[in-house]
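>>> Okay, here's the prediction I keep looking at, along with the sequence it came from:
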Amino acid sequence: MIDDQDIIIVDEPELTATERLYLPQIIDGMRTTLRHMFKKTITLQYPEQKREQRIENYRGVHRLNRDEEGRVACVACFMCQTACPAHCIHIVGTESPWDDREKYPLQFDIDELRCIYCGMCEEACPVDAIELTPEYDLVGRTRDEMILDKEKLLEVFDRTVALKPRKNPKISGYAGTGDRDGCQSAGGGQ
Amino acid sequence: MNTEWSFMVYATFALGAAAVYFLLPHTGRSTKTAGHVLGVAALAATMVLCASKFLGTEGANIFFYLSAVVAVGSAVKVITHEKPVYSALYFVLTVLAITPLLILQEAEFLAVALVIIYAGAILVTYVFVIMLSQQGGQPMHDRQSREPFLAVFGGFVTMAAIAGQMAALPEEKGIVGDFAVAAATTAINDRGVDNTSLVGTAMMTEYVVAFEVAGVLLLIAMVGAIAMSKKRVPAETALTPMPVPGKVGREVEPF
Amino acid sequence: MVELLKDQFWFSALMTVGIVVALLTAQAYSIYFERKISAWIQDRIGPNRVGPLGLLQPLADGGKFLLKEDIIPANVDKPLFLLAPMIAFGVAMIGFAVLPWGGNVDLDADGAVDVAAQVADPGIGLLYILGIGSLSVYGVVLGGWANNNKYAFFAAMRSTAQMLSYEIPMGMAIVVVVITAGTLRLEDIVLSQIGDGHVWNIVLHPFAFFILLVTLFAETNRTPFDLAEAEQELVGGYHTEYGALKFGMFFLGEYAHMITGSGFIVVLFLGGWHLPGVPGLQPGDVSVGAMLLKITVMAGKIAAFMFLFMWVRWTLPRFRFDQLMRLSWQGLLPISMALAGYATVLVYLGKSTSIPWALGGNIVLLALTLVISQLRQTPVTGRQTNMPAISLTSPAKAR
Amino acid sequence: MNDIAPYIILSALLFAIGMVGFLSRRNLIVIFLSTEIMFQGVVLNLVAMGRMHGHVNGQIFALFLLSIAAVEAGLALGLVVLLYRRKGTLDAEHWSSMWG
């Protein structure tokens, strides 16, 4: 509801005679656009030319990081799935076959069509397993194709790891030794 | 003009009248197909009759017959179509069909004026008003007609009377036959003065008073229309109840 | 062949074919240039992928229009829905029949004029264009009505009112030329601007030229008068429900209309195919080469106006509807009527081709307009002052 | 040589058709459209008659007729809009309270 004191009544501007003819203003505007017609364009011819990109904080396609042994780094904690505002992450966790963690994701799907690329999953991940990459040209012919499963997400990692190395590779400290340098995630103690 | 020919003309007119009767909106079973068939038959018969009568004269000009058929057909559509928008559009078609007839008579200025004034201004206004007042559905009063039989009969009698008079006149009386003083028209062309300047000259000399009066009339109409539509008329809240379908026209007692 | 062409009928037939082909190409390339010019104005490049410099883009566009699914929505008024684009396109295409393209031509170079480089040369050519122009409103109105869509309907209503309002100042501005030239034949109007003591009508009556230009913008539904297709307010305007080729016909029809309008204004005010002082462009030059040169000059002038149309479109914002109506009825109409009256006075005084007299009158009129518009301070906003007072307090507070 | 009879028959036909429409339709707008058809018939007739006599007076009468038609359309449509605002219908039967 609008209060009376919030209403500002603006006086109409008084126009001069020439302004009432609209013409000088119109000619002014046309001069401006004419000038722009001869300006240098700043268009990039996209597939051939590409813009310089910021690698570190670009929010493109997701990837699932691998640890040093090439296994998926995810521990199936569901933090990202919980944090996701678009509900595009779907995880099926199961008991881990490895010693250094209790669970690992049996299935890890991200619907890239639902994703809003906000980066909340990256923030939420306690082990920095999920990251957003600088890759932006994700295309597909079907909707199913655009739902990336665990293997595809790992492939994205393989593709982009050279460009953007893993931020926090010290996953080894996770198993309970207390060595958690550099881990910025809020949900540290599981 | 011989009698058999005029009776055949009457017969085609009667056929046309029946077609109009069937085409007029009715409640109940649609008679449109019958109306269309009859109408086409009547137009074709009239064309054949006229062609047989005026063959060889310039009256048998193919453009005349084409335009005349389109004009009459679309005029019938104007008065019989159930949707007023279509009526207005068919009227535009009528005007566009009349235009070549006027050009055939060397009235070029009038022909184009007709298109500009009728099709360009008056009919646009009609369409405008129809759109304003005709939102959604077809109301009952568009699907019924009032006294269709009597109206068609009256029209037929008028038509037959005129045609009968024309047929009854002997040829040398002048009204049937060639344009009597066509020589005068050719003289106009020989002088190299076109129709527009001829009309303009006559209008500005001989008829200048009438011209002024027409201007004043238009002004008055403009003032009247503005005065009329400026005033907000309150809607009558209780609408008069719609007449029961099928009980309109003659059968409804006003009191 | 030449013998056949020396008959005006066959020459006109050839002209018709040539003009229709040229026109369809020109329409397609108008769309290309519209996109290019919008891009240049916005510091972009524009279409450049299809063919060299994107020059095959019109073909791609045409193919797209042809191959898209042709949808007829449910509940539209089907016959009118189909008819409307045809009217819009057809009416725009037949206006060209009377434009004089290249004056008289001597085909076999024997010194005698054989034909006129014009499809038809009726004594009422100017009225013919006006009549055709007045029919063009039906495409928009019927399209809007048949859509059975409230936005399209609004567009149709706006368009009707707009066209009716702007036809009157347009007619008045044309009357100025007709009175000056004393004829309705377009070729004669061109000839009346040529020769000793005669100048282009734009020099004599710049004000009338300007009014005709403005009303042409309105008649062709171009920005700043494109209220019938104001996409921000009306979704798509009168062609909201149209797609594929039917939309394409509306689209091409708009450009055809613009080209006719440009040709019209060129003939009326800019001397048609004539350029002063250039040999080959004078009425006496009747060779085939001179005809081709004249046609080129005419086409060049039309192209310049097309550029102006596009330039204005990508510069100016749209008028509000009440501004539009006020501009026509309170601005253009009185000025154009005064101009027409002044033209008759000039003819009466025998000064109709005298530059000081005609220009002086225009300047006086401009000064008068400025003074009057200064004295009459009507509000520029669309605020309605005669509405009942509303309470500024919110209903919840008032309770 | 041109023959006047077809023109007169055509104009009479248009007039009669307009009359039938005027008498039988119930929509106010269509009724006015019918009168316009009658006008068309009259215009055609006037022009033909004028041509028969070899002068343009018929055309000038027709032009005046056009101005009358414009006046009629303006006023009649204004009235129709008023009536529609008042009763919410275009049915001519609703305006029969003066039947006596």
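Done, it's in. Numbering: from 1, shown residues only, chains lettered A, B, ... in the order given.
>>> can you tell me which residues contact C:Leu359?
For C:Leu359, the contacting residues are C:Val203, C:Leu204, C:Pro206, by C-beta atoms under 8 Å, 6 or more residues apart in numbering or on different chains. C-beta here means a position set from N, CA and C on the backbone, and glycine is covered the same way.
>>> Which of the helices or strands spans it?
Counting by DSSP states H and E, the element that carries C:Leu359 is helix C:355-375.
>>> possible to save the contacts of C:Leu359 as TSV with pLDDT, neighbour count and secondary structure?
As requested, the contacts of C:Leu359 are exported to TSV (pLDDT from 0 to 100; neighbours: other C-beta atoms under 10 Å in any protein chain shown; DSSP: H, G, I helix; E, B strand; the rest coil):
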residue	pLDDT	neighbour count	secondary structure
C:Val203	84	16	helix
C:Leu204	85	27	helix
C:Pro206	87	16	helix
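>>> Mind putting the residues you listed into a markdown table with distance to chain D?
Below are those laid out as a markdown table (distance: C-beta to the nearest C-beta, whole Å):
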| residue | distance to chain D |
| --- | --- |
| C:Val203 | 34 |
| C:Leu204 | 29 |
| C:Pro206 | 32 |
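>>> between those, which is nearest C:Trp145?
Within those, proximity to C:Trp145 (C-beta to C-beta) peaks at C:Pro206, which comes in at 39.1 Å.
>>> Compile the contacts of C:Leu359 into TSV and extend it with columns for distance to B:Ala121.
Putting the contacts of C:Leu359 into TSV (distance: C-beta to C-beta, whole Å) gives the following:
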residue	distance to B:Ala121
C:Val203	32
C:Leu204	29
C:Pro206	28
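>>> Return the residues of chain D in contact with chain A.
Within chain D, not a single residue sits near chain A (C-beta under 8 Å from any C-beta of the partner chain).
>>> how about low-confidence regions in chain D?
When residues are selected by pLDDT under 70, those of chain D lie in D:1-3, D:97-100.
>>> What parts of it come near chain C?
Not one residue of chain D sits near chain C, judged by C-beta under 8 Å from any C-beta.
>>> and the longest helix for chain D?
For chain D, the longest helix by residue count, based on DSSP state H, is helix D:57-87.
>>> Show me what it is packed against.
Helices and strands touching helix D:57-87, as assessed by 3 or more C-beta pairs under 8 Å, 6 or more residues apart in numbering or on different chains; DSSP states H and E, comprise helix B:108-114, helix B:123-133, helix B:195-205, helix B:208-230, helix D:28-53.
>>> which parts of it are buried?
Within helix D:57-87, the residues that count as buried by 16 or more other C-beta atoms under 10 Å in any protein chain shown are D:57-67, D:69-81, D:83-85, D:87.
>>> now it against helix B:123-133, angle please.
Angle between the axes of helix D:57-87 and helix B:123-133 is 10 degrees (criterion: axes from the mean of the first three to the mean of the last three C-alpha atoms, to 10 degrees).
>>> Helix D:57-87: how far from the chain's middle?
Shown here is helix D:57-87, whose average C-alpha point lies 9 Å from the average C-alpha point of the whole chain (C-alpha atoms, centre = their mean, to the nearest Å).
>>> contacting residues around C:Leu164?
Contacts here follow C-beta under 8 Å, 6+ apart; on that basis C:Leu164 touches B:Ala121, B:Val124, B:Thr125, C:Val137.
>>> Try it again at 7 Å.
The contact partners of C:Leu164, taken as C-beta atoms under 7 Å, 6 or more residues apart in numbering or on different chains, are B:Ala121, B:Val124.
>>> So it belongs to a helix, correct?
Yes: counting by DSSP: H, G, I helix; E, B strand; the rest coil, C:Leu164 is located in a helix.
>>> pLDDT value on it, please?
pLDDT recorded at C:Leu164 is 83.
>>> hang on, the earlier thing: of the helices and strands packed on helix D:57-87, flag the one that's most buried.
The highest mean neighbour count among the helices and strands packed on helix D:57-87 belongs to helix B:108-114 (a mean of 25), with neighbours defined as mean count of other C-beta atoms under 10 Å in any protein chain shown.
>>> List of residues touching that one?
Contacts of helix B:108-114 (C-beta under 7 Å, 6+ apart): B:95, B:98-99, B:102-103, B:195-196, B:199, C:122-124, C:127-128, C:131, D:47, D:59, D:62-63, D:66.
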